[in-house]
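[1] Take this sequence and fold it.
(chains A and B)
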Protein chains: 2
Amino acid sequence: MEIKQAIILRSDLKMGKGKLVAQAAHASLMSYFRSEKADKAIASEWLETGEKKIVLKVQSEEELKGLFLECESRHMPCALVVDAGLTQLEPGTVTALGIGPWKSDEIDALTHDLKLL
Amino acid sequence: MEIKQAIILRSDLKMGKGKLVAQAAHASLMSYFRSEKADKAIASEWLETGEKKIVLKVQSEEELKGLFLECESRHMPCALVVDAGLTQLEPGTVTALGIGPWKSDEIDALTHDLKLL
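    Numbering: from 1, shown residues only, chains lettered A, B, ... in the order given. Okay, here's the model as predicted:
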């Protein structure tokens, strides 16, 4: 069974490269903790097998929130990043979503229509 | 005492945005584990206080490796990312360095000359 993590970023925001990277790292770490809590064996296996990641994009807040809700309804570990708004963005802006590490086929079922960042 | 994490990326490689994000997330997570092992209280405080991150760049492999060695000699938790080279890069390419979460002043002492990504 392949395991991976998806990092999904909004491409419609005017985020600089450093900002984008910080949001993504945040999503990755938070989602990792959720995964570790949901299924320690899956999280550990991912760490031991090279931490496969896929980085995708959406074009709106609605799309990102929709994916988040869908993940939750399917009981997949995930984390939505809400920016504190100290730089570049308005406070409360939803910027990124991390999913997993989790079973690749379940992530693909949810994200197969998304483009690579 | 302020705590933060630095993510340092090579700007001289031809990495696409998604690749860059994946390397950075990798550096962030690996470095977090080192920090947790080195000083659990610092790692926990960072998580509880908003996970401050700074994203910086260097222009060569030598510069990145030099920073890594300097971190190690100062006993600061850090992680150097070596790409498996499945896409875009040659196997063994050093792409990113994560430092901390650790005391901000110690990170700044080492990185104050670097530019933001």
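
[2] how about A:Ile7, phi and psi?
    phi -120, psi 120 (degrees, to the nearest 10).

[3] Could you pull up the residues touching it?
    Counting by Cβ atoms under 8 Å, 6 or more residues apart in numbering or on different chains, A:Ile7 makes contact with A:24, A:27-28, A:53-56, A:96-98, B:21-22, B:25. For the C-beta atoms, the positions are set from N, CA and C on the backbone; glycine is no exception.

[4] got those residues as a markdown table, with distance to B:Ser104 columns?
    Compiled in a markdown table, those are given as follows (distance: Cβ to Cβ, whole Å):
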| residue | distance to B:Ser104 |
| --- | --- |
| A:Ala24 | 21 |
| A:Ala27 | 23 |
| A:Ser28 | 22 |
| A:Lys53 | 27 |
| A:Ile54 | 32 |
| A:Val55 | 28 |
| A:Leu56 | 32 |
| A:Ala96 | 24 |
| A:Leu97 | 28 |
| A:Gly98 | 25 |
| B:Val21 | 24 |
| B:Ala22 | 26 |
| B:Ala25 | 21 |
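
[5] if we take those residues, which one ends up nearest to B:Trp46?
    Nearest to B:Trp46, judged by Cβ to Cβ, of the contacts of A:Ile7 is A:Ser28 at 15.0 Å.

[6] Looks to me like the closest one is in a strand.
    No: A:Ser28 is assigned helix when assessed by DSSP: H, G, I helix; E, B strand; the rest coil, not a strand.

[7] ok, it to chain B distance?
    A:Ser28 sits 4 Å away from chain B, taking Cβ to the nearest Cβ, to the nearest Å as the criterion.

[8] Which stretches in chain A count as helices?
    A:17-38, A:40-48, A:61-73, A:104-111 (DSSP state H).

[9] Buried deepest among these, which one?
    Among those, ranked by average contacts under mean count of other Cβ atoms under 10 Å in any protein chain shown, first place goes to helix A:17-38 (a mean of 23).

[10] so A:Pro101 touches A:Trp46, yeah?
    Yes: counting by Cβ atoms under 8 Å, A:Trp46 is a contact partner of A:Pro101 at 3.6 Å.

[11] which bits of chain A sit near chain B?
    When proximity is defined by Cβ under 8 Å from any Cβ of the partner chain, chain A lies next to chain B at A:5, A:7, A:9, A:16-22, A:24-29, A:32, A:50-51, A:53-56, A:84, A:116-117.

[12] follow-up on the earlier one: and B:Ala38, which of the helices of chain A is closest to it?
    Of these, the one closest to B:Ala38 (Cβ to Cβ) turns out to be helix A:17-38, at 16.8 Å.

[13] just checking, what packs against that closest one?
    Using 3 or more Cβ pairs under 8 Å, 6 or more residues apart in numbering or on different chains; DSSP states H and E, the elements in contact with helix A:17-38 are strand A:3-10, helix A:40-48, strand A:78-82, strand A:94-103, strand B:3-10, helix B:17-38, strand B:53-58.
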